[in-house]
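Chemist: Compute the structure for the input listed below.
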Amino acid sequence: MLALLELELRPLARATLATLALAGLIALGNGGGRWLDPALLGYLIACLFACFGVAYRYFTWLERPATAMYWRWTLRTLLTPRVLVRLPLILLDQLILQRFIGKRSIKRWGAHACLAWGCLLAFAVTFPLVFGWVRFTSDGPDAGRYQAWVLGLPAGSFPLGGFAAFAAFHVLDLAAVMVIAGCVLAFVRRSRDEGDTATQRFDLDILPLLLLIAISATGLLLTASETWLQGRNFGTLAYLHEMTVILMLLSLPFGKLFHIVQRPAQAGVKLYKAEGDARGLLPCKACAAPFLRPNQRRDLRVLWKELGLEAGAGHLDLCPRCRRRLLMKAQSLRLGGAFDPFADTPVPVEPLES
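Modeler: Numbering: from 1, shown residues only. Next up is the predicted model:
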């Protein structure tokens, strides 16, 4: 009861509505449950719980003052002509190519690319199957052909021995191989990076990778059992695979994988920064070095006022280097020293001017 009282009411209501909306779409797309696969019922229930958790955390995240500032700006400008022209390129760069990671390290980019594309491919296939939106049946009396159905509508048929059948039945195996490759690359990079090794946490950094490996490995073992072992131990492997997938779905709102949901919002931040860069950077009042975007300074003043930090708004006009020097001066004066880090600065500093 106490835990329930700690939940924020507005995000809680929105998360409930989002979960009900998803349940309605699932029922609408599978003919009111007629096309649901009973073997996938556990996955379906876990998806609904995951939807509620992810939606609650996402709406809570959107109510943070800084996030809300970006979010409101994105909604206001999203449908303007200049944004619509640039948005596809930004989405390509941020979500598909992910070049922002490649700038840090090609090894990091390789690991992240395999993980991201493998997970997205698995989600794109698994969710429609679990929801009953996509299914396969025999093509009438011909047992050698399969008929694909999407939302209850026929979407073409294919022979069981053809490439289309092989691709349809093994696309999740491809996703599993990509995910395992990404996890291995991530573990290798972390073991050789002293910074990551010193700061990583088991619950946030290691456990998600182990869980993804367990999901992928049990999925590949299901294919191996069916293809080469005449279905031996298939039932046990199916339960193990289902358990790992459900654990991953239920952990989505609480772990590092939540950034899969957050990442698309980065497109709005990219547009926001581009708008500020187009107007030119404002100079630091102490050293005159350009460092701050005009729109960022404007919105930060509003944000600081909302947070009751008006007294320190003058710090917004100082670059990070001068802020550190100001802190050093304050510490020096407090300790009775005479060190003045601004002795060589020709521009007077007034950090508390609002």
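Chemist: which ones are touching the residue nearest to Gly219 when sequence neighbours are not counted?
Modeler: With CB to CB, 6 or more residues apart in numbering as the measure, Ala176 is the residue that lies nearest to Gly219, at 4.8 Å, once sequence neighbours are left out. C-beta here means a position set from N, CA and C on the backbone, and glycine is covered the same way. For Ala176, the contacting residues are Gly118, Ala122, Ile215, Ser216, Ala217, Gly219, Leu220, taking CB atoms under 8 Å, 6 or more residues apart in numbering as the criterion.
Chemist: Would you mind measuring from Ala176 to Phe52?
Modeler: Using CB to CB, to the nearest Å, one obtains 27 Å as the distance from Ala176 to Phe52.
Chemist: what do you get for Met69?
Modeler: Where Phe52 is concerned, Met69 sits at a distance of 26 Å (CB to CB).
Chemist: ok, back up a step: let me know the helix or strand that the residue nearest to Gly219 is in.
Modeler: Taking DSSP states H and E as the criterion, Ala176 maps to helix 163-192.
Chemist: list the buried ones in that helix?
Modeler: The neighbour-count check on helix 163-192 (16 or more other CB atoms under 10 Å) flags 165, 168, 172-173, 175-176, 178-183, 185-186, 189-190 as buried.
Chemist: Let me know the average pLDDT across that helix.
Modeler: For helix 163-192, the per-residue pLDDT values average out at 91.
Chemist: Just give me how far the very next helix or strand once past it sits from the chain centre.
Modeler: Tracing the chain past helix 163-192, the next element assigned as helix or strand by DSSP H and E is helix 194-199. Using CA atoms, centre = their mean, to the nearest Å, we find the averaged C-alpha position of helix 194-199 to lie 22 Å away from the chain's own average C-alpha position.
Chemist: got the angle between whichever helix or strand comes after helix 194-199 and helix 163-192?
Modeler: For helix 194-199, the succeeding helix or strand toward the C-terminus, using DSSP H and E, is helix 207-228. Between the axes of helix 207-228 and helix 163-192, defined by axes from the mean of the first three to the mean of the last three CA atoms, to 10 degrees, the angle is 150 degrees.
Chemist: which helices and strands does the next helix or strand after helix 207-228 pack with?
Modeler: Helices and strands here follow DSSP H and E; after helix 207-228, the next one along the chain is helix 234-251. Packed against helix 234-251 by the contact rule (3 or more CB pairs under 8 Å, 6 or more residues apart in numbering; DSSP states H and E) you find helix 41-62, helix 207-228.
Chemist: What's the separation between the residue nearest to the spatial centre of the chain and Phe123?
Modeler: In the chain, the C-alpha closest to the average C-alpha coordinate belongs to Ile260, at a distance of 1.9 Å (CA atoms, centre = their mean). Computed as CB to CB, the Ile260 to Phe123 distance reads 8 Å.
Chemist: go on, Leu221?
Modeler: 20 Å.
Chemist: Output the below-cut-off pLDDT ranges for the stretch 101-250 of the chain.
Modeler: Per-residue confidence of the stretch 101-250 of the chain (counting by pLDDT under 70) places no residue in a weak region.
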